[in-house]
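Below: sequence and its predicted model.
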Amino acid sequence: MRCSASFLCEKAAAKIGAEHLWKNTDTVEKLSAAIGACSQWEISVQLMTGQTWRRQMDGAWKGEAVEMKYLQGFRKRLEEVEIRSLKLLGPQIALLLNDRAVQGEVETTIEAAMRNTSALEYNPLTEHTWTSRVSVKVIYRLEIAAAECFLQMAEKALDSIIDRTVPVLKSRLQLNKLESNHLTADLEKYKNFLCRTKIKEKLQAERETLLTQLSGKILEKERDTDNRMNNYTEQGRFLTEIAAKVVWIRQQTIKLERMQSLCATLLDDLSGYHMLENRMKSFAEKLKLAEQECYDQWCRETIQAIDDPSDSIALETKGKIMVLEQKRGTLNVNYSDRLLKLLKEVRQLASLGLNIPSKIVNCVNQAEKFYSYGVVLKQIAHFYNTIDQQMLPCQQLSKFIVQALLLDEAIAFEKLVIPRKNEESDISRVTWEDPKQLEEFIAKLQGASNKLSNHNRRLRNAHTEIAHMVLELVNLDVLKEVNKWKEILVKIRSKALQLQYQWGIESLHSQIPLIHTQLVFVSHTITLKRDINFFSQQKLQLRPPIEEIRAKYYKEMRKLLSIPEKFKGVVEGEQDWLVLAQVDLEQLIEEKLSTAADWEAQMKLLKTKGREAEKLPNEIRLECIVVSTAGAKSAIEELLQRLFDTLTWTLRLSITTKLHTIQQFLTQLKASWAVLNEQHTLLRSVAGSGVDQMSSLTQEWEKFETMLDSHQQMIKEQVEVLKLNVDTRVKALVDESEKLFARWNQFKPKSDALQGDRQSLLKAIEFIKEKRAEYDGLVVQKEKLE
């Protein structure tokens with residue numbers, strides 16, 4: 001442990017760094033961390049060797065607690081040479097004067113004054129001889145004296161700057177500002193600055209005033225403590241009353257200790273300091289006695305409650321776990337809230353380091369065994385006691401409706417908690433001392449309460465859903481949103497029809513119209529031919545006969561049972577898509593389509609239907625039946641593609657036919673024009689003049705030939721553009737195919753993936769499906785290009 005302490009001191013000195021001790025800005029944090037680490041290690045060693053290890057059964061520590069002299073000396077060195085106070089002096093003066101430039105000036109002065117001192121060097125007591133001890137002590141004293149000399153030099157160099165801070169400190173220590181509740185915290189900031197002798201001398205009057213003010217504050221704190229101890233009923237957010245008291249007292253003790261440390265540094269040379277010191281010591285003893293008294297009083301009251309058999313704090317293991325209060329109709333658990341509070345109090349007090357009496361510990365241990373059971377039973381009891389508040393609001397108007405809906409679950413739950421007459425129920429047999437039987441009973445209770453709460457929750461959800469539908473109907477504009485109005489009405493009708501049909505089947509025997517029949521006495525005469533004897537047979541008989549009655553009953557039953565036959569089923573809902581497969585598309589198109597507008601309208605309608613087909617669900621769930629529509633969607637897509645191909649082909653065929661007709665017409669027209677032209681030439685040569693309309697017709701013919709040539713040229717250009725577009729699309733298709741092939745070769749599932757766990761197999765199948773879909777898309781593009 002001493003070696004660890006030496007190693008800790010060595011690492012702390014190296015981390016702080018002696019070379020740049022006065023230059024580094026983070027030296028203060030490092031020094032504070034080093035002093036804290038040394039103190040923590042010293043406390044840990046004292047605790048382990050002085051208490052913890054002494055109580056161990058095996059290998060208990062023997063001897064006195066280990067003293068860490070080297071560690072103590074190193075820690076004192078960091079504090080005695082006032083490294084921290086010197087490092088904090090610059091920021092404190094800059095804060096007082098509100099001038100950041102002063103901080104650099106102070107740090108430069110201190111660095112120059114402390115340049116030749118080795119502040120972090122410390123010589124440990126490595127030899128056990130008396131001579132070496134004395135020599136080390138002398139060396140240590142010489143080092144301290146040298147350090148003090150350097151400190152005096154540093155302070156003398158800072159006299160001019162310190163004089164500037166005195167007026168500011170005097171204003172801060174005025175009487176009206178000393179009444180602040182943050183006085184101690186404000187003085188703590190300047191503790192290392194105010195403790196200097198020269199500053200103390202210049203602030204003599206202010207420190208006298210501070211002494212008087214602190215004496216008055218101590219008296220106020222004492223009176224406040226007396227009032228709180230006598231009338232303290234507050235609780236923290238997570239603390240019990242006794243724990244909150246102890247925590248508050250310890251907070252006051254910590255504040256008092258800080259004040260004692262502050263006064264010992266700032267006011268120790270004043271004449272009235274000893275009186276203030278005695279008063280603070282007396283107040284500290286008073287706080288200690290108040291904490292002990294509060295704790296002792298709590299122990300006495302708790303033990304008295306445990307010894308009292310009528311008090312609910314003690315858990316009666318042989319008693320009933322739950323009792324139904326007949327007057328109020330509430331279910332109470334024999335695991336009191338006071339016992340829960342005691343568990344919380346003991347946990348909090350034990351965490352504060354207080355020793356709990358054995359009787360209280362035994363009671364708490366007994367209660368902790370059944371704590372989880374008690375919490376669950378209290379939750380179930382709370383559910384039973386508040387179930388009427390969780391039911392639907394309409395229960396107030398028609399209570400029997402909700403009771404009928406929840407009747408089975410409510411009866412099952414009440415059978416467990418309400419004892420029957422002349423019958424021993426589970427709740428009367430189960431006690432705390434049988435954990436197995438208790439667990440089984442709690443499981444039954446939880447199951448029954450879960451069924452009841454789940455059913456009630458479903459009813460509330462259904463009620464809320466219907467209410468939202470009705471509100472949505474109210475807010476809709478019937479004229480502008482007719483389709484949405486119809487959709488909501490269909491939903492409501494569907495739910496009502498389903499409920500009515502189910503209820504109708506269950507109550508069919510009471511809903512069928514009355515079938516009247518008669519019970520009559522009938523006499524039959526029978527003749528026997530051989531013996532020639534006659535006798536009559538008499539019996540009771542129904543009129544009309546049972547067959548006719550059964551036929552009437554079945555007829556009425558079929559009226560209700562055949563209602564679903566009138567509903568539009570899944571198959572009928574998709575029948576409209578099959579019209580394309582039931583007609584001759586080519587003949588229908590030839591009969592109905594003639595102009596380009598007709599084909600254009602059909603193309604737009606086809607695109608709309610294609611989008612509707614994409615929105616069709618992949619599966620339809622009907623209670624426990626799941627209908628997959630993948631095959632139907634695929635067939636619909638094929639029919640739509642077939643219609644598109646047919647429209648395209650018929651449009652091309654129509655254009656080709658008309659072009660052929662026009663070409664024949666043009667050939668005939670050219671032949672007729674040649675004959676006409678020859679006749680007109682002959683007429684002019686014979687008669688001297690031709691027909692007047694011939695000139696205008698010639699111009700029209702030339703114009704027509706020009707337009708025809710232009711049209712042919714335009715057709716050629718468009719064909720070239722189409723070829724170019726097709727080539728571009730083919731090239732893009734080839735690129736996409738190559739990319740798909742490369743991605744497939746790179747990421748395709750290996751053979752071991754198909755033999756691994758289910759998750760890897762599902763990922764591989766999903767990847768294959770994704771790439772298959774991409775491949776199918778490329779095939780479709782290829783077919784379109786062809």
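Sure thing, it's come through. Numbering: from 1, shown residues only.

Out of the helices and strands in this structure, which is least certain?
helix 130-157 (a mean of 41; mean pLDDT, DSSP states H and E).

Quick one: residues in contact with stretch 32-50.
1, 4-5, 8-9, 12-13, 15-16, 61, 64-66, 68, 71-72, 74-75, 78-79, 84 (Cβ atoms under 8 Å, 6 or more residues apart in numbering). (C-beta placed from N, C-alpha, C; glycine too.)

Now do the same for Arg429: its pLDDT.
pLDDT recorded at Arg429 is 67.

before we move on, what about Lys11?
In this model, Lys11 is scored at 74, pLDDT.

Identify those among the contacts of stretch 32-50 that sit within strands.
Among the contacts of stretch 32-50, none falls in strands (DSSP state E).

State the distance from Val246 to Arg223.
Val246 sits 20 Å away from Arg223 when distances are taken as Cβ to Cβ, to the nearest Å.

nope, Lys491 is what I meant
73 Å.

Who has more neighbours out of those two?
Higher neighbour count among Lys491 and Arg223: Lys491, with 13 against 9, using other Cβ atoms under 10 Å.

leaving aside the residues next to it on the chain, what's closest to the more buried one?
Among residues not flanking Lys491 along the chain, Met469 sits closest, at 6.5 Å (Cβ to Cβ, 6 or more residues apart in numbering).

Helix, strand, or coil at the one you found?
Classification of Met469 by DSSP: H, G, I helix; E, B strand; the rest coil places it in helix.

Let me see the contact set for it.
Met469 makes contacts with Ile488, Lys491, Ile492, as judged by Cβ under 8 Å, 6+ apart.

got CSV for the residues you listed, with pLDDT and distance to His711 too?
Listed next are the contacts of Met469 as CSV, based on pLDDT from 0 to 100; distance: Cβ to Cβ, whole Å:
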residue, pLDDT, distance to His711
Ile488, 76, 58
Lys491, 72, 59
Ile492, 71, 63
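
Which of these sits closest to Glu619?
Nearest to Glu619 among the contacts of Met469, counting by Cβ to Cβ, is Lys491 at 20.0 Å.

Can you tell me the SS state at the closest one?
helix.

where does it sit relative to Gln518, distance-wise?
For Lys491, the distance to Gln518 (Cβ to Cβ) stands at 48 Å.

For the one helix or strand Leu187 maps to, the averaged confidence score.
Assigned by DSSP states H and E, Leu187 falls within helix 183-189. The average pLDDT for helix 183-189 rounds to 70.

CA atoms only: put that helix into CSV for me.
These are the backbone C-alpha positions of helix 183-189, laid out as CSV (Å, rounded to 0.1, in the frame of the first residue of the first chain):
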residue,chain,number,x,y,z
LEU,A,183,-22.2,34.7,2.0
THR,A,184,-20.3,31.5,2.7
ALA,A,185,-20.1,30.5,-1.0
ASP,A,186,-18.9,34.0,-1.9
LEU,A,187,-16.2,34.0,0.7
GLU,A,188,-15.1,30.5,-0.3
LYS,A,189,-14.2,31.9,-3.7
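
Just list what it packs against, helices and strands only.
helix 241-266 (3 or more Cβ pairs under 8 Å, 6 or more residues apart in numbering; DSSP states H and E).

Can you give me the buried ones in the helix or strand following the helix it packs on?
Per DSSP H and E, helix 241-266 leads on to helix 273-307 as the next helix or strand towards the C-terminus. By neighbour count on 16 or more other Cβ atoms under 10 Å, the buried set for helix 273-307 is 273, 276, 280, 283, 286-287, 290-291, 294-295, 298-299, 302, 305-306.

same deal with stretch 223-242?
Quick answer for stretch 223-242 (16+ other Cβ under 10 Å): Thr225, Arg228, Met229, Tyr232, Leu239, Thr240, Glu241, Ile242.

I'd like the distance between the second one and Phe413.
I take that to be Arg228. Distance of Arg228 to Phe413, given as Cβ to Cβ: 48 Å.

Can you name every helix or strand that the helix or strand hosting Glu220 contacts?
Using DSSP H and E, Glu220 maps to helix 204-231. Under the contact definition 3+ Cβ pairs under 8 Å, 6+ apart, helix 204-231 sits against helix 241-266, helix 273-307.

Now do the contacts for Met694.
Taking Cβ under 8 Å, 6+ apart, we find Met694 in contact with His680.

what helix or strand is it on?
helix 693-747.

now do His516
Using DSSP H and E, no helix or strand contains His516.

any idea how far it is from Lys552?
Counting by Cβ to Cβ, the gap from His516 to Lys552 is 10 Å.

Counting neighbours, go ahead and name the busier of these two.
Neighbours per residue, other Cβ under 10 Å: of His516 and Lys552, the larger number sits with Lys552, 16 against 8.

my read is the more buried one is in a helix, agree?
Yes: if the criterion is three-state DSSP, then Lys552 is within a helix.

ok, it to Gln541 distance?
Look at Lys552 and Gln541: by Cβ to Cβ, they are 17 Å apart.

now Asp735
92 Å.

ok, residues contacting the helix holding Leu187?
With Cβ under 8 Å, 6+ apart as the test, helix 183-189 has contacts from Gln92, Leu95, Arg172, Ser180, Leu194, Gln213, Lys217, Lys255, Arg258, Met259, Leu262, Leu266.

okay, stretch 765-782 in PDB with CA atoms only?
The C-alpha trace of stretch 765-782 is given here as PDB (Å, rounded to 0.1, in the frame of the first residue of the first chain):
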ATOM      1  CA  ILE A 765     -34.400 -15.400 -50.300                       C
ATOM      2  CA  GLU A 766     -35.200 -11.800 -50.100                       C
ATOM      3  CA  PHE A 767     -32.100 -10.900 -52.000                       C
ATOM      4  CA  ILE A 768     -32.900 -13.400 -54.700                       C
ATOM      5  CA  LYS A 769     -36.500 -12.100 -55.000                       C
ATOM      6  CA  GLU A 770     -35.300  -8.600 -55.300                       C
ATOM      7  CA  LYS A 771     -32.800  -9.500 -58.100                       C
ATOM      8  CA  ARG A 772     -35.500 -11.600 -59.800                       C
ATOM      9  CA  ALA A 773     -37.800  -8.600 -59.900                       C
ATOM     10  CA  GLU A 774     -35.100  -6.500 -61.400                       C
ATOM     11  CA  TYR A 775     -34.500  -9.200 -64.000                       C
ATOM     12  CA  ASP A 776     -38.200  -9.400 -64.900                       C
ATOM     13  CA  GLY A 777     -38.300  -5.700 -65.300                       C
ATOM     14  CA  LEU A 778     -35.400  -5.800 -67.800                       C
ATOM     15  CA  VAL A 779     -37.100  -8.600 -69.700                       C
ATOM     16  CA  VAL A 780     -40.300  -6.500 -70.000                       C
ATOM     17  CA  GLN A 781     -38.200  -3.600 -71.400                       C
ATOM     18  CA  LYS A 782     -36.600  -6.000 -73.900                       C
END
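
Thanks again, I'm all set now.
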